[in-house]
Structures are given as structure tokens and as C-alpha cells.
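K.L.:
Build me a structure from this.
(chains A and B)
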Amino acid sequence: MIGFAAAAFLSILAQTAGFYQIAGHSPAARAAFGASMSALAAQFVALFPTPIRPDTVGGFVEFRGIHPLGILLCVWALVSATGFARGDEERGIVEASLATPTSRAALVASRAAAFTIAIAVASLAACAGYLAGLAIGHETAELRGVLEDGVLLVALGVACYALSIFVAQLVPGRAATAAAGGLLLGLFLLNSLSRVLQSLVAWRWLSPFRYYDLSQPLPPGGTFDARGFLILVAIAVVGTAAAALAFTRRDLGSSLIPFPARHRPVSFAPSGNMLWRVPVVRGVYERRLGIVAWSAGMSLLAFMFVLLTRTIVNVLLSVPSLLPYLSVFVHQQIYPAVLGYTWLNVAQLLFAALAITHVARWSAEDVDGRLEMTLSQPFPRAAVVVERMAVLTVIALVVSAISGTVLFVQSHIQGIDLNAGRLAAASLMLVPFALVFAGAGAVLAAVNPRAAVGLLGAFAFASYLDIELATIFRLPLWLQDLSAFKLFGTPLLTGVDGRSLALMVLLAMLGLGSSILLMQKRDVGR
Amino acid sequence: MLPEMAAAAIRTSKLTKDYGAGRGVFDLDLQVSAQEVFGYLGPNGAGKTTTIRLLMGMIRPTGGSAYIFGLDCARDAVDVKRRVGYIPGDVPQFGSLTGSEVVTYLAGMRGGVDPRRVRSLCERFELDLGRRFREYSSGNKQKLAIVLAFMHQPDLLILDEPTSGLDPLNRQEFYTLLRETRDHGATVFLSSHILSEVEHICDRVGIIRDGRLVHIAELDEATAPNLEEIFLSYFSESRTKPKLLPS
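P.N.:
Below is the predicted model of the structure:
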């Protein structure tokens, strides 16, 4: 809760204070800035709603700060709900809780209430960040709009929590996060894609994100849709009640929907699969389902982004005031520019997430004793670190190659002319990009495995907000240049910058070398 | 005779791991001979697992030194582990891997594991390797840990409470396996807080209290019955007697 509250406060503060640094001070400068933000928003129309008055601090923060924070809080709701519903159950914490005179319904309700309090604190922190940022710019805001934004975030987060906890009751424990995550992602895309695909408009009432989108209370002239807010509250209440009911109807450790166990003959022999014996290959093979899921997900996104590119470009070209800006910005290469901006931005975030999931696994191996068991074999500690990084490298290569190929083929089908060499280079750039985060994560996992994921998430977040944070904290230029997001550049449009690539490789190697040294010196064991 | 042959299986000198606030292991001087079964006794938190982790090179000593077959446990950790089989105090988690995959995965890291030996151990403990690790009961997880420790026929077994979670029949089977292993020339260092177990299988016992080795005793027919008395003499005084509630 403290981590999310701090992240919410800092991110909104950074966006608010950053507005005054980058938007200019004269009305003309602000108007030009608003136009450029509208152009940017048009490229992200498939993800975020069109902003109201992005030339004002309220409109800008609503678009750049509050909407992404809403997604972050939904991810928190997902992890928290499935962690309670199935993770705590596997660890025996739920069993211990039910051994006390607590009913199952009361347990679900208490967890939902606890999450509501936690997300309310994080939302309040976000509001505080906005007000603190306004104070930096010597502006004030209507408190009502700020609070309305806060309660909307709470309602959206708790609605997602309720849906996740309900789905987690229906499926086996190991599939709970994937099933609930799939549902939330589906509902999110249903709403966001309905902004560009007319065929989805009739169905978007099913998505809680639709009711969140109806309000934008922060900018001048913004709105708060009380009906949409109440529907979110109703989803939260009904979802939690349904989860409680489902929990009372199932056995601990089982799912409400029965999945028959496969009958296997008793076996006393070790596996004859040689893949388990080959270094690096065994790590890749163990994560084979994950690789399939990541490749499929990334490919689907690549496919969709290509599909949406023409629509987005048409939106951009339909705004006369944007035409001069666009011609300067993209040098007549509007399709690769838009695709590069939208797809590669999302791909960077996802590859950072891929690295974080690997670091989470390394930390888990430390905590659950698997690392201790590995090191009880005649296997050097340095080899453990190198093999982990090598496995991530191979996986990142596979995922980037598959999604890059899908992007290229689909672009060709859509008649969008992409430079194959640049696309290959841009896709491959995602590998060292992921390794920068993995290197930092390896260091953190060696120093403090329990805190590694949180710290790496904060590091990734800070890297993403590099420009905003740099202006607030007056960071030196060389430090700003070390952000992996900045080093990635625009390879689809301008090609790979050799210096940036070398810096990324150097940062990854620095992380690898440091983590090897730290691993040699540290104590292992719970 | 090679110097290694002449070396004790385990030798520690002033071995210390200081976690602060009086926690850890302090000035441990210990020698375990080859082919000996050495029991390491102590209550929870006395320092048994810390000693074992120091021997396995999992944690680094604050002071002193530890040697296994003449090899430095910290510096030569990889070479030490070629000759050691290990059961950790808490069974590691392998999630959705099957037992057979876990065995092949760790055997692949170690090399030189005979699949027939694995099969024989699994048949002996009736451990179905075809099931996923997360489906195993705690007893079956412990059986898998036993298979992993014994599968490469090590010269030294370092076992942290190895019978935890086993039913009486499998516990007896484990004792038989331990005797056979010793008869084939291996050395065993096992921690336990079950006095009868130690009496039953160990040649010698060391008692640890508050991180310090306070007693070492031979366990032959004459002294074995006194183990409980010895143990209680060290620990009964430290226990606070329960206060009676006023009637």
C-alpha cells in the first residue's frame, strides 16, 4: 500500500509539475502544446480516451497521469485479489484464517474492505500529488474535481478487484491470475477499441472501464458521471458478493468449476527428456508455456496496432491544425512514425514487464528454497546468474522475433510500407532494452530478493518518467541519458543509434557483473 | 595415503556466524570422522541449520573456518558439493514440475547420476515421480528431498531434520538406507530434535545451545539411555515453569 501510494503521489506530482516545465507559459505556447498533446492522444486513442483541454494542467494530468494510474491500480487489484484467493490458499494462510471463528463470506468481505482502504489511500496520495504539483506552478484547483477523480479511481480499482476475486474462485489456482487478467484485459480492450471499431460500440456497456471513461472531472469543463460511478460501485458490491458465495460453495484448494484430474500411471523413473539437462535450454523449456503466452499476446497486440494504424492516421490527418506539426514531426513517413510510436512504446513497456517477471521468479527461487537446492549441486554461483540472464535473452529474442514478424507481415497485408531492416533492428533492440532492466533486477535480487520486484518496478517507473522527473529534480543530462526508454530511441524511424545500443549493452553487462560479484558474497537461505 | 583420505570428513575451527543479538553460531570446533553418523541435537533456534548452511557454503562465516574432506567450504564450495548429498531444513518448492522433471533437472546440473539408482530409491519409498510437485503431500516432498540427496551416492550426507513429515514406515526405511549408506563408506551429519532418532542411528552426538556446542557424547549401549538426561540437563533449566493461575 505504501509503495503504491508513493508511486501514485510521485507520478502525479511529476506529471503536474512537469506540465509547467514543458507546456510553456504564454497562452500561445499552451495552445501549441495542447495541439501537440491532441496529436499524441490521437495515436493512443485505442488505449486512452481523448483528453479534454490538454492545454490546461487538469486536462494534461488527467490524460498523462490519472488514466495510466487507473490501469496500474487495476493491475494491483488483479494481483492482490488472485494473491488472496489462490496464493494465500496455497500457502495455507486462508486455511489458518478459517480455523478461527471467521466465516468464508466474512473473510472475502474483510479482504475486499482492506483493499478498498488501501486503494483509497493510494488515490488520496495521487490527489495530494496533484495539489502539490499545482502549488509548484502557483495554481489552485477546485477540490471537488480532484476528489471526484480520487473516488473514481477507488471505484474502478475495487470493481476490478471484485471481478478478479470472483473469477479466481471458478478456475484452478495456477490459472487464476491468467484467467482474471485475461478477463480484465478483454474488458479493457472492449471499451478502448470501441473508440475506433464501430462494431464494438454495442458491447462496451459490459466493460467497467466504459463507466470510468464517462467522467473526466479534473480539466476545466470536465464532467463527473454519477450514474457511471454508481454502476462501478454496484459491480464491486455484486462481484464481491458473488465471490463470497462461490467461495462458500467450493472446497479449499479446488475450483468451483470442476476440472477432472488426469490419470497417470505410477512412475519411479526420472524424466528422459534431455532438454532438462542442457544449461540455458532447461530454463527456456521450463518457461515454454510462458513463451507461448508472451509471443501470442505480443503478436496479437502487434496485429491490432497495425490494424488501427490507418484509423489513427486518418484521425490525425482530419485535424487541419495538426498537419504542419505532423509534416515536421514525421518527415512524410507518417505510417512508420505512428506505428513506431504506438507499437514500440507499448512493446518497451511490455519488455520491461517481461524482465520484471523474470526478476520476480529469481526472487521467488531465493525465498522458496529452490536456489539453495540448486547451489547444493556442484554448480557455481556465477553460473546461476549467467544462466538466468541467458534464458531471458533467448526468451526476449523469441518473443521479439515472433511479434516483429507478425507486425511486418500484417503491415505488408495492410499496404503499410515498413523498412524490413529497420523493423528487424527495432525488434532486436527490445532484447538489450529488457536486459538493462534484468541487469538492475539481478543486482537487486542479489542484495534483497524480497524487495527486488518492488524496487525494480519503481526503477522502471522512474526510467519511464525520466523527462518529467529530471525537470523536477534537476537531474544532470548524463543521468537522463541513461534511461533505457530514452536510449531505445526511434529505431523504426531513424534507425538504431550505435552509441545508445552500446550504452544499453554496457548497462546490462554492468548489472550482470555486479550481480555475479554480489552473488558470490551473499548468504543464501530463508 | 593421500592427504584427503587422512582428512576428517568435516572439520571446523572457531567457526562463527554472528547475526547479532546473540543469534548465530559461535566458535564451533567440531570434527566428524569418515564413515561416522554424527547427530546434531538442539532445540529450535539453537543454530543447527546455521551450522549446516555454513558447511554447505550457503552462508559465509563471520569468523573461523570449515573444511569438508580437506576442502574449504566457502572457497571450494563447488568441489565440496560434488561429494555431498544435502537435505535442506525446508523442502524447496518446484511448483508445477513433476517429480521426474525435478530429478532430471538437478541430476543434469550434477552429472553422473545413475537413473537405476533413482528408480531403486523411488521404489523403496514408493514415491511416484509422475506427479506434479505441488500435488505432493509434505511426506512425499520429503521423500523427493531424500532421493535428491542420495541419488548420486555421495561420500558425505548433510541432512537437516531429514525425517520431518515421514510416516513411521518410511522413517524406518530411511534409517535402513542410512545404515546401508554408512556401511558403503559414507559419512552422515544429521540434525534433529528427536532424541530417539538420534539414539537409534547415530554413533556420536553433539548438542548445541544458543549457538555454542556444549556437549559431545559417544552413543554406545552404555550411554545411549542417558541421552535424554544429558539433553534435559542443558535445556530444562532454561524453560520457565508455567505459573499457576489463582484458584
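K.L.:
OK, contacts around the closest residue to chain B within the stretch 1-150 of chain A?
P.N.:
The stretch 1-150 of chain A approaches chain B most closely through A:Glu90 (7.6 Å), counting by Cβ to the nearest Cβ. Placement of C-beta: from N, CA and C, glycine included. The contact partners of A:Glu90, taken as Cβ atoms under 8 Å, 6 or more residues apart in numbering or on different chains, are A:173, A:253, B:134.
K.L.:
May I ask which of those has the most neighbours?
P.N.:
Of all the contacts of A:Glu90, A:Gly173 has the most neighbours under the rule other Cβ atoms under 10 Å in any protein chain shown, reaching 17 neighbours.
K.L.:
Relative to A:Val391, how far out is that residue?
P.N.:
25 Å (Cβ to Cβ, to the nearest Å).
K.L.:
and what of B:Leu178?
P.N.:
Taken as Cβ to Cβ, the span from B:Leu178 to A:Val391 is 37 Å.
K.L.:
What's the local residue count around A:Ile136?
P.N.:
For A:Ile136, the count of nearby residues is 15 (other Cβ under 10 Å).
K.L.:
any idea whether A:Phe459 is helix, strand or coil?
P.N.:
Of the three states, A:Phe459 takes helix under DSSP: H, G, I helix; E, B strand; the rest coil.
K.L.:
how far does stretch A:453-468 sit from the chain's center?
P.N.:
12 Å (Cα atoms, centre = their mean, to the nearest Å).
K.L.:
And stretch B:142-156, by the same measure?
P.N.:
Remark: stretch B:142-156 is offset 11 Å from the chain centroid, using Cα atoms, centre = their mean.
K.L.:
What helix or strand is the nearest residue to B:Leu127 once chain neighbours are set aside located in?
P.N.:
Distance criterion Cβ to Cβ, 6 or more residues apart in numbering or on different chains; nearest residue to B:Leu127, sequence neighbours excluded, is B:Lys143 at 4.5 Å. Here B:Lys143, judged by DSSP states H and E, is contained in helix B:138-150.
K.L.:
ok, back up a step: could you tell me how far the residue of the stretch 1-150 of chain A closest to chain B is located from A:Thr177?
P.N.:
12 Å.
K.L.:
and if you look at B:Arg209?
P.N.:
From B:Arg209 to A:Thr177 the distance is 45 Å (Cβ to Cβ).
K.L.:
before we move on, the earlier item: quick one: pLDDT of the residue nearest to B:Leu127?
P.N.:
Note for B:Lys143: predicted pLDDT of 96.
K.L.:
how many neighbours does it have?
P.N.:
The burial count for B:Lys143: 26, using other Cβ under 10 Å.
K.L.:
What of A:Leu190?
P.N.:
Applying other Cβ under 10 Å, I find that A:Leu190 has 18 neighbouring residues.
K.L.:
Now it: which helix or strand?
P.N.:
Going by DSSP H and E, A:Leu190 is part of helix A:176-193.
K.L.:
That helix vs chain B: in contact?
P.N.:
No. Helix A:176-193 lies apart from chain B when judged by Cβ under 8 Å from any Cβ of the partner chain; the minimum separation is 12.8 Å.
K.L.:
And that helix, how far out from the chain middle?
P.N.:
With Cα atoms, centre = their mean as the basis, helix A:176-193 stands 13 Å off its chain's centre.
K.L.:
Stretch A:362-382 now?
P.N.:
Put simply, stretch A:362-382 sits 28 Å off its chain's centre (Cα atoms, centre = their mean).
K.L.:
Kindly report the same for stretch A:485-501.
P.N.:
22 Å.
K.L.:
Sort out which residues of it are buried, please.
P.N.:
Going by neighbour count (16 or more other Cβ atoms under 10 Å in any protein chain shown), the buried part of stretch A:485-501 is A:485-493, A:496-497, A:500-501.
K.L.:
Outside of that stretch itself, list whatever touches it.
P.N.:
Counting by Cβ under 8 Å, 6+ apart, A:330, A:333, A:336-337, A:339-341, A:344, A:348, A:418-419, A:422-423, A:425-426, A:429, A:432-433, A:436, A:463-464, A:466-467, A:480-481, A:503-504 sit against stretch A:485-501.
K.L.:
Keep these, but drop any that are not near chain B.
P.N.:
Okay, of these, nothing touches chain B (Cβ under 8 Å from any Cβ).
K.L.:
Just the buried subset of these, please.
P.N.:
Neighbour counting with 16+ other Cβ under 10 Å marks A:330, A:333, A:336-337, A:339-341, A:344, A:348, A:418, A:422-423, A:425-426, A:429, A:432-433, A:436, A:463-464, A:466-467, A:503-504 as buried within these.
K.L.:
Need phi/psi at the residue in the stretch 101-250 of chain A that chain B sits nearest to.
P.N.:
Of all residues in the stretch 101-250 of chain A, A:Arg174 sits closest to chain B, at 6.4 Å by Cβ to the nearest Cβ. Per-residue torsions, A:Arg174: phi -70, psi -20 (degrees, to the nearest 10).
K.L.:
mind listing what it touches?
P.N.:
Taking Cβ under 8 Å, 6+ apart, one finds A:86, B:96, B:134 in contact with A:Arg174.
K.L.:
how about CSV for these, with pLDDT, distance to A:Ala128 and secondary structure added?
P.N.:
Formatted as CSV, these follow (pLDDT from 0 to 100; distance: Cβ to Cβ, whole Å; DSSP: H, G, I helix; E, B strand; the rest coil):
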residue, pLDDT, distance to A:Ala128, secondary structure
A:Arg86, 75, 34, helix
B:Ser96, 85, 43, coil
B:Arg134, 85, 43, helix
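K.L.:
Distance to A:Val524 for those - can I get that in JSON lines?
P.N.:
Formatted as JSON lines, the contacts of A:Arg174 follow (distance: Cβ to Cβ, whole Å):
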{"residue": "A:Arg86", "distance to A:Val524": "28"}
{"residue": "B:Ser96", "distance to A:Val524": "23"}
{"residue": "B:Arg134", "distance to A:Val524": "23"}
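K.L.:
Keep only those of the contacts of stretch A:485-501 that are in helices.
P.N.:
Under the assignment DSSP state H, the contacts of stretch A:485-501 contribute A:330, A:336-337, A:339-341, A:344, A:348, A:422-423, A:425-426, A:429, A:432-433, A:436, A:463-464, A:466-467, A:480, A:503-504 to helices.
K.L.:
which stretches of chain B have low pLDDT?
P.N.:
Per-residue confidence for chain B (pLDDT under 70) gives these ranges: B:1-7, B:221-225, B:236-247.
K.L.:
Could you point out the longest helix of it?
P.N.:
Counting residues, the longest helix found in chain B (DSSP H) is helix B:168-183.
K.L.:
From the buried residues of stretch A:485-501, pick the one nearest B:Ser120.
P.N.:
A:Leu501 (53.9 Å; Cβ to Cβ).
K.L.:
For the closest one, give its distance to A:Gly495.
P.N.:
Applying Cβ to Cβ, the value for A:Leu501 to A:Gly495 is 11 Å.
K.L.:
Am I right that B:Gly85 sits in a helix?
P.N.:
No. B:Gly85 is assigned strand when assessed by three-state DSSP, not a helix.
K.L.:
mind listing what it touches?
P.N.:
Neighbours of B:Gly85 in contact, by Cβ under 8 Å, 6+ apart: B:148-152, B:154, B:156-158.
K.L.:
So which bits of chain A are right by chain B?
P.N.:
Counting by Cβ under 8 Å from any Cβ, chain A comes close to chain B at A:90, A:174, A:264-273, A:276-278, A:282, A:286, A:368-370, A:372-381, A:521-526.
K.L.:
and these, which of them are in helices?
P.N.:
Going by DSSP H, the helices hold A:90, A:282, A:286, A:370, A:372-375, A:381, A:521 from the residues of chain A next to chain B.
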